[in-house]
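In: Give me a model of this one.
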Amino acid sequence: MWKEIKIENWNHFNDVIFTLNPKEWIFRGQCSVEWEIETSLYRECKKFLNNFNNENCIKVEKNMYEEFCSSYKLYSPTSIEKAPIESTETEWMKERNGILAMMQHYGTPTRFLDWTFSPYVATFFALDGANSDFCIYALKSKSLEEANIVMIGRNNAAERHKHSAFRKDYKKTPFLYSCEPFEKHERIRRQQGLFLVPSVIDKTINEILLESYGIEDGKLGTEEIAYKLIFSKDHLQEWWARLKHMGITHETIYPGLDGFCKSLKLSIINN
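Out: Okay, the predicted model is just below:
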């Protein structure tokens, strides 16, 4: 359902991405072209739940969410901004998104899927761990938001739909929305990151894009909004060298000693 473009070289890559308005597009790198676009919560629930459906997935999500909220202070001094008792849907979503972003950051399976505003950061994540042909997904999130307005309505209606998606009785048409946590941690700042969030847990991103939005061959109606850029494994060293020249390495993507130590492996690649 994505329009596939085989990238020939660095100049070709730049020619493609320079046609995409950076205010309207988001990117995700994956180190294998064969991988499906799935959230970590989808994968874990599909693996372990005997009855794999959205209602049971939401029960799992709710249990993890509540356990995290009850105990995270035992392990971290970080505080989470709580919504007032009489809150709007927007305030509840702000609190929930912040908590889920923190859970995602520290390794809990969530419905949040990491994307970035930078095609070059996406290239880094596509390269890191690649030993076969790898890819970058490009999605015109602005057009997706416009399609959501048609499906679920503007402003308050959209917030109500997002809020209700976390209820176990959610039965509405599945949709996707992009999310930037109000309070960002250092890693998401370095990575120019955001999340793509499905309203249901038991479907892949591709399934929602196809079934709810009718995207085929990258087109929503007549507009091209979904590309899959495919890179050959034969040029891994060259691509690492290009990113390093731009100052994009593990050391700049990940803060602290963790990123520095990971960056040292590039000395093997560039040897």
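In: tell me the contacts of T116?
Out: Contact analysis of T116 by C-beta atoms under 8 Å, 6 or more residues apart in numbering lists 26-28, 122, 125, 191-194. C-beta: built from backbone N, CA, C; applies to glycine.
In: Of these, which is the nearest to E61?
Out: L194 (19.9 Å; C-beta to C-beta).
In: For the closest one, which non-adjacent residue is spatially closest?
Out: E180 (4.7 Å; C-beta to C-beta, 6 or more residues apart in numbering).
In: Return the residues in contact with the closest residue in space to H105 that isn't next to it in sequence.
Out: Among residues not flanking H105 along the chain, H185 sits closest, at 6.1 Å (C-beta to C-beta, 6+ apart). By C-beta under 8 Å, 6+ apart, the contact list for H185 reads 101-102, 105.
In: out of those residues, who has the most neighbours?
Out: Among the contacts of H185, A101 has the most neighbours (other C-beta atoms under 10 Å), with 22 neighbours.
In: For the helix or strand hosting that residue, buried residues please.
Out: Assessed by DSSP states H and E, A101 sits inside helix 89-105. Neighbour counts over helix 89-105 (16 or more other C-beta atoms under 10 Å) mark 89, 92-105 as buried.
In: thinking again about what came up before, measure the residue nearest to H105 to S76 for me?
Out: Counting by C-beta to C-beta, to the nearest Å, the gap from H185 to S76 is 11 Å.
In: what do you get for I7?
Out: Distance from I7 to S76, by C-beta to C-beta: 40 Å.
In: When the two are compared, which one has more neighbours?
Out: The neighbour count for I7 versus S76, taken as other C-beta under 10 Å, is higher for I7 (21 against 10).
In: Pretty sure that one sits against F231.
Out: Yes: counting by C-beta atoms under 8 Å, I7 touches F231, with 5.2 Å between them.
In: what touches both of the two?
Out: F13.
In: who touches D202 in this structure?
Out: Contacts of D202 (C-beta under 8 Å, 6+ apart): 42, 45-46, 52-54, 57.
In: just checking, which of those residues belong to helices?
Out: 42, 45-46, 54, 57 (DSSP state H).
In: Export those residues as TSV, with columns for pLDDT, neighbour count and distance to I268.
Out: Shown next, in TSV, are these (pLDDT from 0 to 100; neighbours: other C-beta atoms under 10 Å; distance: C-beta to C-beta, whole Å):
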residue	pLDDT	neighbour count	distance to I268
Y42	98	25	34
C45	97	23	37
K46	96	14	35
N54	96	21	44
C57	96	24	40
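In: Please tell me the pLDDT value assigned to I85.
Out: On pLDDT, I85 comes in at 58.
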